[in-house]
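Novice: Generate coordinates for the sequence data below:
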Amino acid sequence: MPVVVVPYDSVLQLRLVTGTDPESGSPIIKTKSFNKVKDSAVEQDIFDVANELVSLQNYSLDEVRLRQTSQLTS
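Specialist: I've put the predicted structure just below:
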C-alpha cells in the first residue's frame with residue numbers, strides 16, 4: 001500500500017546572532033519563529049521573505065531554517 005504524506009505545519013526560523021559569549025567567544029544565537037507557512041509556498045519565495053524579515057531586525061543573520069512536519073499514513 002502506498003504511503004500518503006499529509007502536511008501538518010511549516011515553521012520559518014531565523015537564527016540571529018545577538019552577541020558574543022565573553023568566556024568562550026562563541027556567538028549567542030536567538031531564534032525567531034514564524035508559524036503557519038503555507039505548504040504551497042515555493043522555497044525561493046520563503047527565502048526571499050526571510051531576507052526581508054532579517055532587514056527589519058537589529059541583529060545579523062546566522063541561518064534560515066524551514067521546519068516542516070508531516071503525517072505518514074497508508
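
Novice: chain center to stretch 56-70: distance?
Specialist: Put simply, stretch 56-70 sits 4 Å off its chain's centre (C-alpha atoms, centre = their mean, to the nearest Å).

Novice: list the buried ones in it?
Specialist: The neighbour-count check on stretch 56-70 (16 or more other C-beta atoms under 10 Å) flags Y59, V64 as buried. C-beta: built from backbone N, CA, C; applies to glycine.

Novice: Now for the nearest residue to E43 once chain neighbours are set aside: which residues touch it?
Specialist: If the residues on either side of it in the chain are set aside, E43 comes closest to L66, at 7.1 Å by C-beta to C-beta, 6 or more residues apart in numbering. Contacts for L66 were tallied using C-beta atoms under 8 Å, 6 or more residues apart in numbering; they are S10, V11, L12, Q13, V37, E43, I46.

Novice: For L66, give the beta-bridge partners.
Specialist: With DSSP bridges applied, L66 shows beta-bridge pairing to L12.

Novice: Turn the contacts of L66 into CSV, columns for pLDDT.
Specialist: Output for the contacts of L66, formatted as CSV (pLDDT from 0 to 100):
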residue, pLDDT
S10, 95
V11, 97
L12, 97
Q13, 98
V37, 95
E43, 95
I46, 96
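
Novice: Filter those residues down to the buried ones and hand me the ChimeraX line.
Specialist: Here is the ChimeraX command that selects only those of the contacts of L66 that count as buried (16+ other C-beta under 10 Å):
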select :10,12,37,46
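
Novice: which of the contacts of L66 lies closest to P27?
Specialist: Taking C-beta to C-beta as the measure, P27 lies nearest Q13 of those, at 15.9 Å.

Novice: ok, the closest residue to the closest one other than its chain neighbours - contacts?
Specialist: Closest residue to Q13 apart from its sequence neighbours, by C-beta to C-beta, 6+ apart: R65 at 4.1 Å. For R65, the contacting residues are L12, Q13, L14, R15, by C-beta under 8 Å, 6+ apart.

Novice: State the pLDDT value of the third one.
Specialist: If you check L14, the pLDDT there is 98.
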